[in-house]
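Undergrad: Structure, please.
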Amino acid sequence: MKKFLMATAASALMAGTAFADDVKIGVIFGFTGPLESITPAMAAGAELAMKEVTDSGKFMGGSAVMPVRGDSTCIDAAAATAAAERLVTSDGVAGIVGADCSGVTGAILQNVARPNGVAMVSPSATSPGLSTAEDDGLFFRTAPSDARQGVIVTNILQDRGVKEIALTYTNNDYGKGLADAIKSEFEAAGGTVTIVSAHEDGKADYAAEVGALASAGGEVLVVAGYVDQGGSGIVRAALDAGAFDTFYFPDGMVGAKLNENFGAELNGSYGAYPGTDSTGAATFVEMAKGAGFDGTSAFAPESYDAAALMMMAMAKAGSANSAEYKDHIMDLANAPGEQIFPGELAKALDLIAAGTDIDYVGATAVELVGAGESAGNYQEIEFKDGSYSTIGYR
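TA: Residues are numbered from 1 along each chain as shown. A predicted model of the protein is given here:
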């Protein structure tokens, strides 16, 4: 639908006569489910980039970018596929920012994106299996693979002198892939993994799972789960039983809900999730504050970058057709070119229009490698005085 400026002749002369067709981009995250507490900031991050581009008036002949939300549920592949199908066939989105969790992301990629030729940029799907998935060049992610996270977990544990860990993971693609990466890296570095145990989300009682973990022992319990679901259930059961007093939290467990659920009970525990101390990260936090959401929330900056890269690629191609813009995403994310940070998307559009190369650094120091995924930067956190804070970057 074309948006015509219904104004006086004078206003029309000042503002231009018409906008081009709106460009719709799907935003499909788990607005319900085990990551629902961090999803609002992720969606806000993606939509902040879309608003910035729309407000510039410089995108594709003055096109407005319209976000269209879908609920992935994070864990229900059928529901996620149906939501994505609606976005593509009914809403006519030109691309998808998402999904969030690895299993539903893979389902959408194979069942919707590939059959319809629609590009996806996920800010948070981290399963190593997605690195080798058949994708027809349509799938990218601004979050690093859990193969990289396995290295980070091992480095942090080693630096703290930990030699034995127990490991529990949520029983899905994300949890299994991350657990495999942690076990492989930690053991290769000389550590001992006493047990690797799956847990199911949605249970009321995790006493049996914690009993097995406690029997195996370990200095630290690594919980590769979801903060709004079984991961927190495992931690509660472990604390109540006195089974473990120190926990390591990978990315799916890091969120404000962790503070709310446990507070000072977690003092001394630690973990990490994607993030940098770059100039772009600080700028994004301030922009998010102005927009009314927490820019330090897990995967919010990655979501901004995912949307920004997709729109920059469209501008470079001069087309919202995935087949025409997908091949520009990696080039725009990497050197050479003039560096672009959050808040500079209008500048980027000007440079692209002038034929100048850009290197989109964004909020997360984006560099895409291999199969179109982030090289990987992490921020290390530690619990003290009842809440976690960032203590360093890796």
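
Undergrad: Could you use CA atoms for every contact and neighbour count after this?
TA: OK.

Undergrad: Spell out which helix or strand contains the residue lying closest to Gly225 once chain neighbours are set aside, please.
TA: Spatial nearest neighbour of Gly225, excluding adjacent residues (C-alpha to C-alpha, 6 or more residues apart in numbering): Gly231 at 4.3 Å. Under DSSP states H and E, the secondary-structure element containing Gly231 is helix 230-241.

Undergrad: go on, Val68?
TA: Secondary-structure element containing Val68, defined by DSSP H and E: strand 65-71.

Undergrad: ok, then the element right after that strand?
TA: Next along the chain after strand 65-71, with elements defined by DSSP H and E, is helix 77-85.

Undergrad: For that next one, buried residues please.
TA: Of the residues in helix 77-85, those buried by neighbour count under the rule 16 or more other C-alpha atoms under 10 Å are Ala77, Ala79, Ala80, Thr81, Ala82, Ala83, Ala84, Glu85.

Undergrad: hmm, back to that, so what secondary structure elements neighbour the helix or strand that the helix holding Gly231 is followed by?
TA: For helix 230-241, the following helix or strand on the C-terminal side (DSSP H and E) is strand 247-249. In terms of contacts (3 or more C-alpha pairs under 8 Å, 6 or more residues apart in numbering; DSSP states H and E), strand 247-249 is packed against strand 220-224, strand 270-274.

Undergrad: Report the buried residues of the helix holding Gly231.
TA: Gly230, Gly231, Ser232, Gly233, Ile234, Val235, Arg236, Ala237, Ala238, Leu239.

Undergrad: angle of it against strand 220-224?
TA: Using axes from the mean of the first three to the mean of the last three C-alpha atoms, to 10 degrees, the direction of helix 230-241 lies 150 degrees away from that of strand 220-224.

Undergrad: about what we covered before: TSV for the helices and strands packed on strand 247-249, including mean pLDDT and mean neighbour count?
TA: As requested, those are exported to TSV (pLDDT from 0 to 100; neighbours: other C-alpha atoms under 10 Å):
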stretch	mean pLDDT	mean neighbour count
strand 220-224	98	26
strand 270-274	96	25
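
Undergrad: and of those strands, who's closest to Thr54?
TA: For Thr54, the closest of these is strand 270-274, at 27.7 Å, according to C-alpha to C-alpha.

Undergrad: Now find how far off-centre that closest one is within its chain.
TA: Taking C-alpha atoms, centre = their mean, to the nearest Å, the mean C-alpha location of strand 270-274 is offset from the chain mean by 14 Å.

Undergrad: which residue ranges form the helices in the stretch 1-150 of the chain?
TA: Chain-ordered helices for the stretch 1-150 of the chain, with DSSP state H, counting those that start in this stretch as the definition, fall at 9-15, 39-56, 77-85, 102-108, 114-116, 146-159.

Undergrad: Please name whichever of those is nearest to Leu349.
TA: Smallest distance to Leu349 across the helices of the stretch 1-150 of the chain (C-alpha to C-alpha): 8.5 Å, for helix 39-56.

Undergrad: could I get the closest one in CSV with only the CA atoms?
TA: Listed in CSV are the C-alpha atoms of helix 39-56, where the atom choice follows Å, rounded to 0.1, in the frame of the first residue of the first chain:
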residue,chain,number,x,y,z
THR,A,39,12.0,-11.2,24.7
PRO,A,40,10.5,-7.7,25.1
ALA,A,41,13.9,-6.1,25.1
MET,A,42,15.0,-8.1,22.1
ALA,A,43,11.9,-7.1,20.1
ALA,A,44,12.4,-3.5,21.2
GLY,A,45,16.0,-3.6,20.0
ALA,A,46,15.0,-4.8,16.5
GLU,A,47,12.2,-2.3,16.3
LEU,A,48,14.4,0.5,17.4
ALA,A,49,16.6,0.0,14.3
MET,A,50,13.5,-0.2,12.1
LYS,A,51,12.2,3.1,13.5
GLU,A,52,15.6,4.7,13.0
VAL,A,53,15.7,3.7,9.4
THR,A,54,12.1,4.8,8.8
ASP,A,55,12.6,8.1,10.5
SER,A,56,15.6,8.8,8.3
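
Undergrad: what angle do that helix and strand 65-71 make?
TA: Computed with the same axes, to 10 degrees, the direction of helix 39-56 lies at 160 degrees from that of strand 65-71.

Undergrad: and helix 39-56, average pLDDT?
TA: The pLDDT scores in helix 39-56 average 98.

Undergrad: So which elements touch that helix?
TA: In this structure, helix 39-56 makes packing contacts with strand 23-29, strand 65-71, helix 279-291, helix 300-317, helix 345-353, judged by 3+ C-alpha pairs under 8 Å, 6+ apart.

Undergrad: just to revisit the earlier point, who wins for proximity to Ala353 among the helices and strands packed on strand 247-249?
TA: strand 270-274 (31.9 Å).

Undergrad: who's in contact with that closest one?
TA: Counting by C-alpha atoms under 8 Å, 6 or more residues apart in numbering, strand 270-274 makes contact with 143-144, 152-153, 156, 247-251, 254, 298-299, 376-383, 388, all of which sit outside it.
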